[in-house]
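# Show me how the following folds:
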Amino acid sequence: MLPAASPRQREIRVFISSTFRDMQEEREELVKQIFPQLRRLSESRGVTWGEVDLRWGVPDEAKAEGKVLPLCLAEIEHCRPYFIGLLGERYGWVPEEIPPELLEAQPWLNQHRKQSVTALDILHGVLLNPKMADHAFFYFRDPAYAAARAGFTEEDPVRHERLAALKDAIRQSGFPVAENFATPQQVGEWVLRDLTAVIETLYPESSIPDPLDRAAAEHEAYAASRRVYIGRPEYIERLDAQAAGDGPPPERTGARPLHRRRA
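Okay, here's the model as predicted:
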């Protein structure tokens, strides 16, 4: 069972991964109908809610996938440990090459060059990171739904085999998998159910911070986003010495003197 979160960790940021052209209705349902409900519930518990779906609303699959891979991998790390994976009957776009700078930053990609971007999302976000337990959820669509729609089924036998292997790896991973959703509305209901349970467990009503704690947490988050690094130890020593003393700070050499205004 998930432990309740501390007042300083009151944020949920979820990454949504899916294949592209066959999951537009599902992403639309989540973004417009389900996530607003989860946001309201989160805010009622003093929690900041956010979701990341970098491909939502982008019209061209190949262009979107080609540009979005580096951003996806970075955002997955920012969203950990929250991840939603949607899979139907398409494996998704497989990049012909991965930029050298991305391979240098993410060496594990060298072992997965023939994988689709969606599969890379899932590997990086969940399957290669066992700490995602209890926070990652997968939803597989009913194959009959795709069979009735052009372009929703993988025709390439190699990619079809890789999709089957990916689904099996997810099933065997132990992460929650809900299978055979029949409509975008149904998967929306499942996501709402699962993420509501996460919020209720991590942030029960009894854990709602008082206004002072909430303000302190907000200030802390603001300060963390604007960290200042002082690289010379002697500066720290001088600051410590000044804090321990009683007198005014020494006048800086070359500083302009302060003049009081005459009454």
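# Please count neighbours and contacts with C-alpha atoms only from this point.
Fine.
# how about the helices in the stretch 151-263 of the chain?
Per DSSP state H, counting those that start in this stretch, the stretch 151-263 of the chain has helices spanning 157-173, 184-202, 211-224, 233-244. These are given in chain order.
# I'd like to know which of those lies nearest to Val31.
Closest to Val31 of the helices of the stretch 151-263 of the chain is helix 184-202 (Cα to Cα; 9.6 Å).
# and among the helices of the stretch 151-263 of the chain, the most buried is which?
Per-stretch averages of neighbours, counted by mean count of other Cα atoms under 10 Å, single out helix 184-202 among these, with a mean of 17.
# Mind giving me the packing neighbours of that helix?
Packing partners of helix 184-202 (3 or more Cα pairs under 8 Å, 6 or more residues apart in numbering; DSSP states H and E): helix 24-29, helix 35-44.
# re earlier: which one of the helices of the stretch 151-263 of the chain lies nearest to Phe15?
Evaluated over the helices of the stretch 151-263 of the chain, closeness to Phe15 peaks at helix 184-202, with 12.4 Å, by Cα to Cα.
# Could you figure out how far the closest one is turned away from helix 35-44?
Taking axes from the mean of the first three to the mean of the last three Cα atoms, to 10 degrees, helix 184-202 and helix 35-44 form an angle of 10 degrees between their directions.
# before we move on, the earlier item: out of the helices and strands packed on helix 184-202, which comes closest to Arg193?
For Arg193, the closest of the helices and strands packed on helix 184-202 is helix 35-44, at 9.8 Å, according to Cα to Cα.
# got the contact list for the closest one?
The contact list for helix 35-44 (Cα atoms under 8 Å, 6 or more residues apart in numbering) reads Thr48, Trp49, Gly50, Glu51, Leu192, Leu195, Thr196, Ile199.
# send the alpha carbons of that helix over as CSV?
Output in CSV follows, covering the C-alpha atoms of helix 35-44 (Å, rounded to 0.1, in the frame of the first residue of the first chain):
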residue,chain,number,x,y,z
PHE,A,35,-8.0,15.2,-16.1
PRO,A,36,-10.1,18.2,-15.1
GLN,A,37,-11.9,16.0,-12.6
LEU,A,38,-8.6,14.7,-11.2
ARG,A,39,-7.3,18.3,-11.1
ARG,A,40,-10.3,19.4,-9.0
LEU,A,41,-9.9,16.5,-6.6
SER,A,42,-6.2,17.2,-6.3
GLU,A,43,-6.7,20.9,-5.6
SER,A,44,-9.3,20.1,-3.0
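# Check the offset of it from the chain's centre.
16 Å (Cα atoms, centre = their mean, to the nearest Å).
# Stretch 80-92 too?
The chain centre lies 12 Å from the centre of stretch 80-92; the measure is Cα atoms, centre = their mean.
# Now for the nearest residue to Val191 once chain neighbours are set aside: which residues touch it?
Distances taken as Cα to Cα, 6 or more residues apart in numbering put Ile34 closest to Val191, at 7.7 Å, once the chain neighbours are dropped. Contacts of Ile34 were listed using Cα under 8 Å, 6+ apart, and they are Gly188, Glu189, Val191, Leu192.
# Low-confidence ranges, the stretch 101-250 of the chain, go.
Segments of the stretch 101-250 of the chain classed as low confidence (criterion: pLDDT under 70) are 133, 210-236, 250.
# Number of residues surrounding Gln37?
14 (other Cα atoms under 10 Å).
# Could you tell me the per-residue confidence at it?
pLDDT recorded at Gln37 is 97.
# Quick check: it vs Phe152, distance?
Distance check for Gln37 against Phe152: by Cα to Cα, to the nearest Å, it reads 29 Å.
# repeat for Ser206
When Cα to Cα is applied, the distance between Ser206 and Phe152 equals 45 Å.
# next one: Glu205
Using Cα to Cα, one obtains 42 Å as the distance from Glu205 to Phe152.
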